[in-house]
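> compute the structure for the input listed below.
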Amino acid sequence: MVSDLAIEAMNVEQKKQNRRLGLILATVAVAFFLGFLAKMMLLGA
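From the prediction side, this is the model:
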């Protein structure tokens, strides 16, 4: 059986991983948005 301390440690680690993944996904979204804006400005369409 897994102790409460081990479960808490896993939860903290999972939160770190979730935060990192969220930042990566947000960065990708911002990059696409900036690319779209640049395309609109440069091509004027």
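> which stretches of the protein form helices?
Along the chain, the segments classed as helices by DSSP state H run 4-43.
> quick check: pLDDT value at residue 40.
On the pLDDT scale, residue 40 is placed at 94.
> can you give me the neighbour number for it?
10 (other Cβ atoms under 10 Å). Just so you know, the C-beta spots here come from the backbone N, C-alpha and C atoms, and that holds for glycine as well.
> who are the contact partners of it?
Not one residue lies near residue 40 by Cβ atoms under 8 Å, 6 or more residues apart in numbering.
> center of the protein, which residue is that?
residue 22 (2.0 Å; Cα atoms, centre = their mean).
> report the separation between it and residue 7.
22 Å (Cβ to Cβ, to the nearest Å).
> residue 36: neighbour count?
Applying other Cβ under 10 Å, I find that residue 36 has 10 neighbouring residues.
> scratch that, residue 12
By other Cβ under 10 Å, neighbour count at residue 12 equals 10.
> got a pLDDT number for it?
88.
> quick one, what contacts the residue nearest to the centre of the chain?
Neighbours of residue 22 in contact, by Cβ under 8 Å, 6+ apart: none.
> per-residue pLDDT, it?
Residue 22 carries a pLDDT score of 97 in this model.
> with residue 40 as the reference, measure out to it.
Residue 22 is 27 Å from residue 40, by Cβ to Cβ.
> check residue 20 too.
31 Å.
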